[in-house]
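[1] sequence and computational prediction follow.
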Amino acid sequence: MIKISKNRAGTQRVTFSLPAAAPPGRVSVVGSFNDWTPGRHHLTPRSNGRRSASVDVAPGTVLQFRYLGEDGHWFDDPDLLDRADGNCVCATP
């Protein structure tokens, strides 16, 4: 699940969220916002039973990303249908 909200600095906060145990193990979100570097944005457990990571980007930014689980398992956001070059895509307002 992707949530986009405006923060005080005028940028857009994009929060990437998955259920706590699906898939099991450590997961990071990897994409255009972090130069496709694995491990820079690990999803951390939250009290609501999910895990998430957030990035701040300029309004109007188009993000491409995928999730990377343990053992090199790449996967897409299950709630996001938009794709480009085989990656998930979301755009900030």
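    Great, that's in hand.

[2] who's in contact with the nearest residue to Trp74 once chain neighbours are set aside?
    The shortest distance from Trp74 to any non-neighbouring residue, by CB to CB, 6 or more residues apart in numbering, is to Arg66 (5.2 Å). Using the backbone N, CA and C atoms, a C-beta is placed for each residue, glycine as well. Arg66 is in contact with 29-31, 74-76, 87-88, counting by CB atoms under 8 Å, 6 or more residues apart in numbering.

[3] hey, what's Ser5 bridged with?
    Note on Ser5: beta-bridge partners Arg13, judged by DSSP bridges.

[4] for the lowest-mean-pLDDT helix or strand in the chain, give me every contacting residue.
    Taking mean pLDDT, DSSP states H and E as the measure, the chain has strand 83-84 as its least confident helix or strand, at a mean of 86. Residues from elsewhere that reach strand 83-84, judged by CB under 8 Å, 6+ apart: 64, 76, 89.

[5] got a pLDDT number for the spatially closest residue to the second one that is not a sequence neighbour?
    Closest residue to Asp76 in three dimensions, ignoring its sequence neighbours and counting by CB to CB, 6+ apart: Cys88, at 5.2 Å. Per-residue confidence (pLDDT) for Cys88: 87.

[6] circling back to that earlier point, kindly write the PyMOL command that selects the buried subset of the contacts of strand 83-84.
    Selecting only the buried entries of those in PyMOL, with 16 or more other CB atoms under 10 Å as the criterion:
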select buried, resi 64+89
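
[7] just give me the closest of the contacts of strand 83-84 to Arg46.
    Arg46 has its nearest neighbour among the contacts of strand 83-84 in Asp76, at 21.0 Å by CB to CB.

[8] just checking, the closest one touches Tyr67?
    Yes: with contacts counted by CB atoms under 8 Å, Asp76 reaches Tyr67, the gap being 7.2 Å.

[9] per-residue confidence at the most centrally placed residue in the chain?
    With distances taken as CA atoms, centre = their mean, Phe16 lies nearest the centre of the chain, 3.6 Å away. Predicted confidence (pLDDT) at Phe16: the value is 96.
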